[in-house]
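>>> The amino acid sequence is not available; the structure is as follows:
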């Protein structure tokens, strides 16, 4: 870890427990059930009691005010601090960042970061800013990413298959993940033949909306021994970097620059290079994003994203397993939980516990997320407390 | 028969108004008193380039149109009432101002990146308003 890293405070920040409720299509299941399943799973995984948790950060977009306390009281009213975090797709990721800050700055030693969501009505602040727009679809992500996909294909000449192969890989990974919303492998022919949504994007290249929950417990390095935790299962957080979009210098480069800058900042904080990453979980809500963002993060060279995928470098067992969980396309994208689910996947992989989809010798992983294309956040995790 | 558009109201009155030819649209920008750049829409609470506060006195009208940057066909109705298929595109309507708009052509084969577009008024089914479509500046292939 580089010197001066704020995440080194309080003996460092470790993820010691993970838990999920499987992502699923919208149902009548109360969010309290989804969330409590994930939290109880994380507590059991860590071997900690609810009474030991000093603060909770809850990422959610669609449930409503004060979901955290309404849900968590069923575990016991212990008086802990509860904070709700909303930042679109990145809500859970930002809840995780807040929890890291609380631990690293010595405010607490044991903190819960979780995400929980139900399928909402998709209301966006961009539609309430009092400004009219020329097109009714101007704030619809699928249209923006379809335009991005078309430009990518125009510039790189890879053909629609190059994007579709992202979906094939990630549906295949999701089929091995018991927490994934989609559990069926898809062939290239199936992906390409599925109904078109916008531009060259077919429905199997777009993430589903749904519901679910994910939870992780963070503990300070100072407290690991006192709490009797197994150091081999405590995965260290080395970097947390967040940013928002700048004016783009070239049409279409705004989201790419956003991902590149946030990933670079995180890698610099962690003191590693992009090619050292063994795992990369990223925002593949639409297939083209994985090609673009793998280049922007730097696991491959600019313009090489499709070739990197084609060579098998991004598959489990390749140079860097991208979206080993199945990603947003395969595992699902319930919004609030998504960023926490990424962290849980990386922790599981680094521990060597990703049965059926284990990436060999996984040491370094990045969880990267964007929120409605204008905020970005990256976390780097690596190694365990055992060294 | 082409309806008399002058009897209709703009659906988005803060964005455009009918031009003198009774068919084209003028766009309403704000010209920043600090950096002199154009912002869109005109009622944005700050200059989109330098952040300087702008008010109604900064409003200027310019012929609606621009350069087509990219476009796709929308195959599903992503908002209620959206006809499908339809074509959406990103258009540079002023220096460093890119907006998504509805492209009023029959199919994508009539389009190319870099093409000059102009904004025209299209009567809406309500019979009371007109909306905005972009068509090739030479008007060939326009459906509206």
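Looks like it arrived, so ask away. Fair warning: this is a prediction, and the values are worked out from it, not measured in the lab.

>>> What separation is there between the residue sitting furthest away from the middle of chain B and residue A:240?
Largest separation from the mean C-alpha position in chain B: residue B:34, at 25.4 Å (CA atoms, centre = their mean). Plainly put, residue B:34 is 36 Å away from residue A:240 if you go by CB to CB, to the nearest Å. The C-beta positions use only the backbone N, C-alpha and C, and glycine is treated the same way.

>>> The residue farthest from the centre of chain B against residue B:49, yeah?
No. Shown here, residue B:34 and residue B:49 do not form a contact pair, counting by CB atoms under 8 Å, at 9.0 Å.

>>> gap between the residue of chain B found nearest chain A and residue A:195?
Residue of chain B nearest chain A, by CB to the nearest CB: residue B:72 (3.1 Å). Separation of residue B:72 from residue A:195 (CB to CB) stands at 15 Å.

>>> same deal with residue A:109?
For residue A:109 relative to residue A:195 (CB to CB), the value is 51 Å.

>>> got it, and residue B:3?
From residue B:3 over to residue A:195 (counting by CB to CB), the distance is 36 Å.

>>> Same question for residue A:147.
Taking CB to CB, one finds residue A:147 at 19 Å from residue A:195.

>>> again with residue A:5
The separation that residue A:5 has from residue A:195, given CB to CB, amounts to 47 Å.

>>> The two: which has the busier surroundings?
residue A:5 (17 against 9; other CB atoms under 10 Å in any protein chain shown).

>>> my guess is that one meets residue A:238, correct?
Yes. Residue A:5 lies in contact with residue A:238 (CB under 8 Å); the separation is 7.3 Å.

>>> hey, what's in contact with both of the two?
A:269-271 (CB atoms under 8 Å, 6 or more residues apart in numbering or on different chains).

>>> wait, which of those residues is closest to chain B?
Nearest to chain B among the shared contacts of residue A:5 and residue A:238, with distances taken as CB to the nearest CB, is residue A:269, at 28.7 Å.

>>> what's around that closest one, how many residues?
Neighbours around residue A:269, by other CB under 10 Å: 21.

>>> With residue B:131 instead?
Neighbours of residue B:131 (other CB under 10 Å): 22.

>>> helix, strand or coil for it?
strand (DSSP: H, G, I helix; E, B strand; the rest coil).

>>> Can you tell me how far it is from residue A:376?
Residue B:131 is 34 Å from residue A:376, by CB to CB.

>>> which stretches of chain A form helices?
A:31-46, A:67-72, A:91-104, A:141-156, A:160-174, A:188-193, A:254-270, A:287-297, A:305-310, A:327-330, A:338-351 (DSSP state H).

>>> Which one of the ones you listed lies nearest to residue B:39?
For residue B:39, the closest of these is helix A:254-270, at 17.1 Å, according to CB to CB.

>>> Could you count how many residues lie near the closest residue to chain B within the stretch 101-250 of chain A?
The minimum distance from the stretch 101-250 of chain A to chain B, using CB to the nearest CB, falls at residue A:199 (3.1 Å). The number of residues packed near residue A:199 is 28, by other CB under 10 Å.

>>> Is it in contact with residue A:150, as I believe?
Yes. Residue A:199 lies in contact with residue A:150 (CB under 8 Å); the separation is 5.1 Å.

>>> what do those two both touch?
Counting by CB under 8 Å, 6+ apart, the residues touching both residue A:199 and residue A:150 are residue B:72.

>>> pLDDT below threshold where in chain B?
B:1-2, B:139-144 (pLDDT under 70).

>>> What ranges does it have for its strands?
B:9-10, B:16-18, B:25-31, B:38-39, B:59-63, B:65-74, B:86-94, B:97-103, B:116-123, B:129-136 (DSSP state E).

>>> so the longest one versus strand B:129-136, what angle?
I take that to be strand B:65-74. 100 degrees (axes from the mean of the first three to the mean of the last three CA atoms, to 10 degrees).

>>> From the contact counts, what lies against strand B:65-74?
helix A:141-156, strand A:196-198, strand B:86-94, strand B:97-103, strand B:116-123, strand B:129-136 (3 or more CB pairs under 8 Å, 6 or more residues apart in numbering or on different chains; DSSP states H and E).

>>> so which of the ones you listed comes closest to residue A:218?
Of all the helices and strands packed on strand B:65-74, helix A:141-156 comes closest under CB to CB, at 30.0 Å.

>>> Give me the helices and strands touching the closest one, please.
helix A:160-174, strand A:196-198, strand A:201-202, helix A:287-297, strand B:65-74, strand B:86-94, strand B:97-103.

>>> Residue numbers of chain A in contact with chain B?
By the rule CB under 8 Å from any CB of the partner chain, the part of chain A lying against chain B is A:130-138, A:140, A:142-144, A:146-147, A:149-151, A:154, A:195-200, A:247, A:251-252.

>>> Buried among those? Make that a PyMOL selection.
Buried members of these, defined by 16 or more other CB atoms under 10 Å in any protein chain shown, are picked up in PyMOL with:
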select buried, chain A and resi 131+133+134+135+136+137+138+140+142+143+144+146+147+149+150+151+196+197+198+199+200+252
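
>>> interface residues of chain B facing chain A?
Counting by CB under 8 Å from any CB, chain B sits next to chain A at B:12-16, B:41, B:43-44, B:49, B:69-76, B:78-79, B:82, B:88-90, B:92, B:96, B:98-102, B:113, B:132.

>>> For residue 118, which non-adjacent residue is closest in space?
You didn't pick a chain, so chain A it is. residue A:211 (4.8 Å; CB to CB, 6 or more residues apart in numbering or on different chains).

>>> try again with chain B
In space, residue B:118 is closest to residue B:65, 3.8 Å off (CB to CB, 6+ apart).

>>> same deal with residue A:367?
residue A:342 (3.9 Å).

>>> same question, residue A:313
residue A:319 is the one closest to residue A:313 (CB to CB, 6+ apart), at 4.3 Å.

>>> Pull the contacting residues for the one you found.
A:275, A:299, A:313.

>>> Which entries within these meet the buried criterion?
So, by 16+ other CB under 10 Å, the buried ones in the contacts of residue A:319 are A:299, A:313.

>>> Of the contacts of residue A:319, just say which sits nearest to residue A:47.
Looking across these and measuring by CB to CB, the closest to residue A:47 is residue A:299, at 34.3 Å.

>>> Quick check: phi and psi on the closest one?
For residue A:299, the backbone dihedrals are phi -70, psi -20 (criterion: degrees, to the nearest 10).

>>> Local confidence estimate at it?
pLDDT, residue A:299: 98.

>>> Ok, residue A:248 next?
86.

>>> With adjacent residues omitted, what lies nearest to it?
residue A:254 (3.7 Å).

>>> What of residue A:233?
residue A:351 (5.5 Å).

>>> My guess is that neighbour contacts residue A:232. True?
Yes. Residue A:351 sits in contact with residue A:232 when judged by CB under 8 Å, with a separation of 7.5 Å.

>>> Report the set of residues contacting both of these two.
With CB under 8 Å, 6+ apart as the test, residue A:351 and residue A:232 both reach residue A:384.

>>> So for these two, which residue has more residues nearby?
Taking neighbours as other CB under 10 Å, residue A:351 and residue A:232 compare with residue A:351 leading, 19 against 12.

>>> Would you check how far apart that one and residue B:86 are?
49 Å.

>>> swap in residue A:113?
In terms of CB to CB, residue A:113 sits 42 Å off from residue B:86.

>>> So if I had to pick from those two, which one is more boxed in?
Neighbours per residue (other CB under 10 Å) separate residue A:113 from residue B:86, with residue A:113 holding more: 31 against 19.
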